[in-house]
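In: Need a 3D model of the following:
(2 chains)
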Amino acid sequence: AQSVTQPDIHITVSEGASLELRCNYSYGATPYLFWYVQSPGQGLQLLLKYFSGDTLVQGIKGFEAEFKRSQSSFNLRKPSVHWSDAAEYFCAVRPKEGGATNKLIFGTGTLLAVQP
Amino acid sequence: KAGVTQTPRYLIKTRGQQVTLSCSPISGHRSVSWYQQTPGQGLQFLFEYFSETQRNKGNFPGRFSGRQFSNSRSEMNVSTLELGDSALYLCASSNPQGGETQYFGPGTRLLVL
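Out: Numbers count the residues shown, from 1 in each chain, chains lettered A, B, ... in the order given. Presented below is the predicted three-dimensional model:
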């Protein structure tokens, strides 16, 4: 079945430590891939996206993500976390099958807490 | 350029009532999508409009409907509200020139009592 999996529901890291949030997808053809961040009570902000080309993509706020076709993964990373990064992070895919549509399928999200 | 705007930001209704939420996309964007976010079900796609036509629809009952106007503004309507309709409703807009990347508004928080 088509799905997006974020295996970590909640992660706590210390400020200044590195971060990796996992995302795996299950689709026939590699979909378009996105990471969004949501602060409490807010909408979703796009961090980065992968459509094709270089498998390491850079985003805003110092985030990057690496697409690995062999593992059907699109993990989000940041070398040094800041307290302001505490938020919920969502991986999303837009399937390439099914005709013209912008429909996004979201993972369940990973809630990031940052310790001082 | 102004972002996606949604009105109202907060809304309290009672069961059985109906509600209309509004979304104004980023200028030049012709596609508008709606999502429902709840703690139990997460983020779920409701429907998508492009050039005033519904292009895709999620698995929601017919009580949920939407439309798009010629200026790309969109509204969604929920009739006969149920307690389970309490959620954050998010609107997103995109345009083909931007690779159809969706940009989200701040959402409308609906509480059904």
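In: Every contact and neighbour count from this point should use C-alpha atoms.
Out: Fine.
In: contact partners of the host helix or strand of residue A:45?
Out: Using DSSP states H and E, residue A:45 sits in strand A:44-50. With C-alpha atoms under 8 Å, 6 or more residues apart in numbering or on different chains as the test, strand A:44-50 has contacts from A:32-38, A:57-61, A:63-65, A:67, B:103-106.
In: I'd like the average pLDDT over it.
Out: Computed over strand A:44-50, the mean pLDDT rounds to 95.
In: and the next element down the chain from it?
Out: In the C-terminal direction from strand A:44-50 (assignment by DSSP H and E), the next one is strand A:56-58.
In: Tell me the buried residues in that following strand?
Out: Residues A:57, A:58 are the ones in strand A:56-58 that count as buried (16 or more other C-alpha atoms under 10 Å in any protein chain shown).
In: Neighbouring strands of that strand in the sheet, and parallel or not?
Out: Next to strand A:56-58 in the sheet, as set by DSSP bridges, lie strand A:64-68 (antiparallel).
In: What parts of chain B come near chain A?
Out: Contact residues (C-alpha under 8 Å from any C-alpha of the partner chain) of chain B with chain A: B:33, B:42-45, B:47-48, B:55-56, B:90, B:100-107.
In: wait, residue B:32 sits on residue B:52?
Out: No - with contacts counted by C-alpha atoms under 8 Å, residue B:32 stays clear of residue B:52, the gap being 9.5 Å.
In: Okay, strands next: where are they in chain B?
Out: Using DSSP state E, the strands of chain B run over residues B:5-7, B:10-13, B:19-24, B:31-38, B:42-50, B:53-57, B:64-68, B:74-78, B:87-94, B:103-104, B:108-112.
In: now chain A
Out: Taking DSSP E as the criterion, chain A contains strands spanning A:3-5, A:10-14, A:19-21, A:24-26, A:32-38, A:44-50, A:56-58, A:64-68, A:73-78, A:87-94, A:105-106, A:110-115.
In: Tell me which of these sits most buried.
Out: Highest mean neighbour count among the strands of chain A (mean count of other C-alpha atoms under 10 Å in any protein chain shown): strand A:87-94, with a mean of 24.
In: what comes into contact with that strand?
Out: Contacts to strand A:87-94, defined as C-alpha under 8 Å, 6+ apart, come from residues A:4, A:6, A:23, A:25, A:31-40, A:102-113.
In: Just the closest residue of chain A to chain B, please.
Out: Nearest to chain B, among the residues of chain A, is residue A:43, at 4.0 Å (C-alpha to the nearest C-alpha).
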